[in-house]
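Could you work out the structure for the sequence below:
(chains A and B)
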Amino acid sequence: MKMGNLKNSHLIEGTIWLTIVLVFFAFTYDFNQPIEIYKFGATGWPRVILGILLFVTLGNLFHQYRFGSAAQSGRVGISDDDDEADGTTSIGAVLKIIAVLGTPFLYALSLKPAGFYFATPFFIVFIILLFGERRPRWIISITLLIYALLLFLFMMVLNAPLPQGNVSPFYDYSAFILRMNSQFQQLDLW
Amino acid sequence: MIENFLLGSSALFGDPYTLAIFVFGVLGGMLFGAIPGVSMLTLAAILLPFTASLTPAQGVMLFAVIYCTGTYGGAITAILFNIPGAPENAPTAFDGYPMTRKGLAGKAVGAAVLCSAIGGVASALVMMAATEPLAKWAIRNIGPPEIFALVFFGLAVASSVGGRTIWKGWMSVALGLIIATIGQDPVGGIDRFNFGFSDLAAGIAFVPAILGFFAVSEIFVQAEKTARGRYEAPPVNMEFPSFFELWQQKIAVIRSVFVGFFCGILPGIGATLAAFMGYGEAVRWSKNKESFGKGNIEGVISSETANNAATGAAMIPLLALGLPGGALTAMMVAVFQMHDLEPGPLVFYNSPDLIWVVFAAMFYANLSILFIGILETKTILYLLKIPFQFLAPLILLLASIGSYIGRGLVLDVMVMFGAGIIGFLLRRSGYSIPGIVLGIILGKIGEQNFAQGMQMVHYDLFDYLSRPVCLILIIAGTLTLASGLHKAFKANPA
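Just a heads-up that it's a prediction; the model follows:
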């Protein structure tokens, strides 16, 4: 069977989009109930959008069949940075990219048990290391600077309620930081 | 009008306390507008309780000033780092960031400063001259059917911008629209697509989604470049746009003022759609369409003029009719109510001093964008000299906190990082991130107004299209989509 300019990556991409359409359409039956004052009910709008998504996904596959991945002439707002990466990636680079994508997720997962105050300095250090900085003096000083800046802005100035953690000793550490803050704010510096 | 304006100005500058509040609002709006995730809304929410101790004029004036300067503030990070401080600055990044990569950051920021000031001042002048008649026109001619029609037109324009092909532009907008359906439906309050997670009943909060798609995905893009050894710090150049360069764009500025003002006057639409439509119209009328997205100064000018032009217009339905058009104007209603006042037609007769202090403050706030912005630009461009390995954790943490403090949910931080990864992958494949974001923002507004509009016209399409504003906007949107479809089937690769 002739595939035109379609590549496997296009087929995978199309399959992902069609799966999204199918899964969301299947889930519309979960809330397929009439609304007395509105003829189209709760499913009308989402199903129309899913229909549009199905149409444009097929249109995209047709375009890729004819022209492959090439950009359409006259398109605006496409940055050179957004171009597909070339295939010359070393295993080390791939691992580094995966680490950069995964570290923020681990940080988000740690916020509930460990809290913002404890987890944040480690997160800063990891990100700085992943971006290639190796000088210990810089890593430590920038970590402390960013941590202090965030505490000043969000804890002291804005009094923002940040996650404190729910596991000891992380929770105790957050409590200690917050106690220090309240004691500092009670000082009559003016 | 001039006499009232002078009275408002003397009340503003004659009282040192009022003047200090004005200066605080100008600087605070600029600063908070420029921090991704910690928008001017955060500042306004923090300040709301304190306005009880201010006079009504000082309280409303403070919020109006924050609105003006906060709308400009987000352009800086959009231009320098491709991270818009707020959704209304997203189109600014289309050409602003490529200009930075070319070493033209000074020109881009300078154009944003000047055009934000022009758009805001023009809007403030029209607001002073015509608030009452414009509000009356809007209330007679604009309702849910027209708002849906404008959303339809706006999304049609947005899908034609960004994305490697028109199909990908449309897919991006459709993805944003489907994300916006997560949560309760706007008519019956029925839970949709919560996949068993009770936290999703309230829907996907758009601040984490926007931060993920813009800020986090940009960090990931730069991380990938670093990993491949392709990262290069952009050159820093302090050169401002020349008078001749700006004069050449006068038509774009005038057009964007009109577009911004029209969008701003409509409740719930505001500066975001104004910026996208200002940009879209600049592309539509340009003879040099291919240069957009590659560092065309007209792209920066059109979106920044339009979003600031929307600020003055957004005050019209609030002050003349008591209808807030967005979150910040809704907070202004709260300020009025704290002082036992109700915004609406009577305010013009009962408290003219308040109205004219607010009008004068908005005028001067937009002017101050020009002077403070030029001074600020000289220093802020040095941010580009900070090595990215030190900026990246700061941006990620600001985005994390900005996502968390909205609803106090760790889930929102995860949504943000999830959106960041999806945004990173979609960008690599040529999809339009601003299209997704606009779909998320306008999806709920569109659905709600579609439902209300259909009920109003008893589901009769002819009745719907007999409304002139609806007819014009629906035809314009349909032509935009049809032209895109025609190009998609005929177009050759670039």
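
quick check: domain ranges of chain A?
As recorded under automatic domain parsing, the domains making up chain A are A:8-71, A:91-186.

Show me the one of these that comes nearest residue B:476.
Across these, residue B:476 has its closest neighbour in domain A:8-71 (18.6 Å, C-beta to C-beta). No exception for glycine: its C-beta is placed from N, CA and C like everyone else's.

ok, and does the closest one reach over to chain B?
Yes: Domain A:8-71 comes into contact with chain B (C-beta under 8 Å from any C-beta of the partner chain), by way of A:13, A:17, A:20, A:24, A:27-28, A:30-31, A:33, A:35, A:37-42, A:45-46, A:49-50, A:52-53, A:56-57, A:59-60, A:63, A:67-71.

about what we covered before: will you turn the domains of chain A into JSON lines that also has mean pLDDT and mean neighbour count?
Output for those, formatted as JSON lines (pLDDT from 0 to 100; neighbours: other C-beta atoms under 10 Å in any protein chain shown):
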{"stretch": "domain A:8-71", "mean pLDDT": "92", "mean neighbour count": "17"}
{"stretch": "domain A:91-186", "mean pLDDT": "90", "mean neighbour count": "16"}
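
Make a markdown table out of those and add distance to residue B:316.
Conversion of the domains of chain A to a markdown table gives the following (distance: least, C-beta to C-beta, whole Å):
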| stretch | distance to residue B:316 |
| --- | --- |
| domain A:8-71 | 30 |
| domain A:91-186 | 32 |
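
and of those, who's closest to residue B:256?
It's domain A:8-71; of the domains of chain A, that one is closest to residue B:256 (C-beta to C-beta) at 26.6 Å.

where's residue B:265 relative to chain A, distance?
Distance, residue B:265 to chain A, using C-beta to the nearest C-beta, to the nearest Å: 26 Å.

and if you look at residue B:457?
With distances taken as C-beta to the nearest C-beta, residue B:457 is found 12 Å from chain A.

Around the residue lying closest to residue B:488 once chain neighbours are set aside, how many other residues sit close by?
Nearest residue to residue B:488, sequence neighbours excluded (C-beta to C-beta, 6 or more residues apart in numbering or on different chains): residue B:166, at 4.5 Å. Neighbour count for residue B:166, taken as other C-beta atoms under 10 Å in any protein chain shown: 26.

quick one: low-confidence ranges for the stretch 101-250 of chain B?
Applying pLDDT under 70 to the stretch 101-250 of chain B flags residues B:238.

Would you state the strands of it in chain order?
B:183-184, B:191-192 (DSSP state E, counting those that start in this stretch).

and the ones you listed as TSV, adding distance to chain A?
Formatted as TSV, these follow (distance: least, C-beta to the nearest C-beta, whole Å):
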stretch	distance to chain A
strand B:183-184	9
strand B:191-192	5
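
would JSON lines of these with distance to residue A:173 be doable?
Compiled in JSON lines, those are given as follows (distance: least, C-beta to C-beta, whole Å):
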{"stretch": "strand B:183-184", "distance to residue A:173": "35"}
{"stretch": "strand B:191-192", "distance to residue A:173": "38"}
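
close to chain A, is the strand or helix carrying residue B:427?
Under the criterion of DSSP states H and E, residue B:427 resides in helix B:410-428. Yes: contact of helix B:410-428 with chain A (C-beta under 8 Å from any C-beta) involves B:410, B:413, B:414, B:416, B:417, B:418, B:420, B:421, B:424, B:427, B:428.
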